[in-house]
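S.K.: pasting the sequence and the predicted coordinates here, then a few questions.
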Amino acid sequence: MGIFGTACGAVTLLAAALGSSTAWAQNFPVTADQRATAQQVASQGIPVAELAPNAPEVYVVKRGDTLWAISGLYLRKPWRWPELWGMNMQSIANPHLIFPGQTLYLDRTGGYARLRSGMPGQPEDVRISPRTRSDSLADTALPTLQPHLIEPFLVEPQVVDADTLEKAPRIVATVDDRVLMAAGDRVYARGDMTKPLEMAPGEPRYFGIYRNAVALKDPVTGEILGYEAQFVGKGELVRGESLEDTPNAKGGFTSEYVPATVDILSTREEVRANDRLLPTPARGFLSYVPRAPEQPVSARVVSIYGGSAFANAAQNQVVAINLGRQDGIESGHVLQLLTGGQRIKDTTDEAKSMIKLPSEKNGMAMVFRTFDRVSYALILSVRNQVRVGDTLVNPR
């Protein structure tokens, strides 16, 4: 039996739904390293010392649980979820599905821990009561993290180059010449000469509304890594740009330009003339597999997402870091936050020399969106506030 060893007839256990589609989750690849870790652990279990101090002897998986939370319940280091998979590897072909209602039993024998979905030597009892099932298994599969924490940020952050926002379609007018517009209002927009806003098949229909692209500078080198556009709201294109023939004084018709019509769906701030439209990116899957990066990582916090109003970040806030896709950073990478050691004057030294205190562990963050040279990470846990310039490294 593996560490997640099960009695016969046990159901799939402790895995992660990587999206709203069960079929997609079943096809999600398991990396060689993850499989090797699970196989190694499955051979005997994990040392009891590796368990979390208050790991429960019995636990029933509930709707709303996450792989991250359950991993944290049993392991000191939640990102080591492949070891949880290894506990039950013989009955799990792929660790990307988990469903509520399963009972987990912790077996501590011989100095090693095994987590089972049934009591040793007994099949797991599954109580069934007749009812009409109106939801699919995909709807009940548990995510790796609570989706509501990152859903608002899946389309909001946009990192562009210097010219992208300037050339993007712009809002040119509002209904009744109003200065500020909100959700439910209608505005008018136009693209540039080479790319008008059209309702043609394949053209984007939903847009993020942005203004004021702010340079994201590497806190170490000062290099500009990209420009973060300030998110204002979301809009839907309901009519494209066109030419309209209107009668003229000579009895003929004159073709006049008519801007596109955009309905505002939601706003974070009031929408104004000259705000820009960027196509909403395709929605990714709403769940992510937390895992440690395979390569060494040393990143820095570039900015606290949300504008200049935030000088520090706390738990469940988002930070931008100075590494991206080209550096091998992927969605789901878990990184350890370090606070920069302060420089202080050594008052015990006659020369009053300056010394730097060591960096200290401060919490954990998980990357959920990547660009070429910048990524966004959600702060999962933190002791002290996170500041620009703080370091993120591989979890230990």
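M.R.: Arrived safely, thanks for sending.
S.K.: shaky segments in the stretch 1-150 of the chain?
M.R.: 1-44, 81-99, 117-148 (pLDDT under 70).
S.K.: would you list every one of the strands in the stretch 151-300 of the chain?
M.R.: Using DSSP state E, counting those that start in this stretch, the strands found in the stretch 151-300 of the chain span residues 159-160, 170-174, 186-190, 206-217, 224-239, 242-247, 253-258, 260-267, 276-279, 298-304.
S.K.: each with direction, which strands does the fifth one pair with?
M.R.: Pointing back at strand 224-239 there. Strand 224-239 has the following strand partners under DSSP bridges: strand 159-160 (antiparallel), strand 206-217 (antiparallel), strand 260-267 (antiparallel).
S.K.: pull the contacting residues for residue 311.
M.R.: Neighbouring residues of residue 311 by Cβ atoms under 8 Å, 6 or more residues apart in numbering: 304, 387. For the C-beta atoms, the positions are set from N, CA and C on the backbone; glycine is no exception.
S.K.: against residue 320, how distant is it?
M.R.: Plainly put, residue 311 is 14 Å away from residue 320 if you go by Cβ to Cβ, to the nearest Å.
S.K.: got it, and residue 182?
M.R.: The value you get for residue 182 to residue 320, if Cβ to Cβ is used, is 27 Å.
S.K.: next one: residue 174
M.R.: Applying Cβ to Cβ to residue 174 and residue 320 gives a distance of 31 Å.
S.K.: neighbour count for these two, which is higher?
M.R.: residue 320 (24 against 18; other Cβ atoms under 10 Å).
S.K.: model confidence over the host helix or strand of that one, on average?
M.R.: Element membership of residue 320 [criterion: DSSP states H and E] is strand 318-321. Mean pLDDT, strand 318-321: 94.
S.K.: in its sheet, what does the next helix-or-strand element following that strand sit against?
M.R.: Where DSSP H and E defines the elements, the next helix or strand beyond strand 318-321 is strand 334-339. Take DSSP bridges as the rule and strand 334-339 pairs in its sheet with strand 360-370 (antiparallel), strand 391-393 (antiparallel).
S.K.: and the last one, how far out from the chain middle?
M.R.: Taking the mean of its C-alpha atoms, strand 391-393 sits 18 Å from the chain's own mean (Cα atoms, centre = their mean, to the nearest Å).
S.K.: ok, now stretch 224-237?
M.R.: Worked out by Cα atoms, centre = their mean, stretch 224-237 lies 17 Å from the chain centre.
S.K.: next one: stretch 347-366
M.R.: Stretch 347-366 sits 32 Å away from the centroid of its parent chain (Cα atoms, centre = their mean).
S.K.: buried set for stretch 370-388?
M.R.: 370-371, 373-380, 382, 385-388 (16 or more other Cβ atoms under 10 Å).
S.K.: that should have said stretch 295-314, apologies.
M.R.: Those would be 297, 299-306, 310, 313, for stretch 295-314 by 16+ other Cβ under 10 Å.
S.K.: could you tell me the end-to-end distance of it?
M.R.: End-to-end distance of stretch 295-314 (Cα to Cα, to the nearest Å): 27 Å.
S.K.: surely residue 320 meets residue 371?
M.R.: No: using Cβ atoms under 8 Å as the test, residue 320 is too far from residue 371 to be in contact (9.2 Å).
S.K.: between these two, which contacts overlap?
M.R.: Common contacts of residue 320 and residue 371 (Cβ under 8 Å, 6+ apart): residue 159.
S.K.: low-scoring stretches of the stretch 151-300 of the chain, by residue?
M.R.: If you take pLDDT under 70 as the line, the stretch 151-300 of the chain has these spans: 152, 154-155, 283-288.
S.K.: what's the closest of the strands of the stretch 151-300 of the chain to residue 116?
M.R.: The minimum distance between residue 116 and the strands of the stretch 151-300 of the chain falls on strand 298-304, with 38.6 Å, by Cβ to Cβ.
S.K.: same for the closest one, what does it pack against?
M.R.: Where contact means 3 or more Cβ pairs under 8 Å, 6 or more residues apart in numbering; DSSP states H and E, strand 298-304 is packed against strand 206-217, strand 312-313, strand 318-321, strand 386-387, strand 391-393.
S.K.: just name the most buried of those strands.
M.R.: Greatest average neighbour count among these goes to strand 318-321 (a mean of 25), per mean count of other Cβ atoms under 10 Å.
S.K.: which residues touch it?
M.R.: Under Cβ under 8 Å, 6+ apart, the answer for strand 318-321 is 153, 157, 159, 216, 228, 299-306, 313, 329, 335, 365, 367, 374-379, 386, 392.
S.K.: out of the helices and strands packed on strand 298-304, nearest to residue 193?
M.R.: Of the helices and strands packed on strand 298-304, the one closest to residue 193 (Cβ to Cβ) turns out to be strand 206-217, at 19.1 Å.
S.K.: turn the strands paired with strand 224-239 into TSV, including distance to residue 170.
M.R.: Shown next, in TSV, are those (distance: least, Cβ to Cβ, whole Å):
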stretch	distance to residue 170
strand 159-160	14
strand 206-217	10
strand 260-267	11
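S.K.: so which of the ones you listed is nearest residue 360?
M.R.: Of all the strands paired with strand 224-239, strand 206-217 comes closest under Cβ to Cβ, at 25.1 Å.
S.K.: any idea how far that closest one is from the middle of the chain?
M.R.: The answer for strand 206-217 is 19 Å, by Cα atoms, centre = their mean.
S.K.: now swap in stretch 326-336 and tell me
M.R.: 11 Å.
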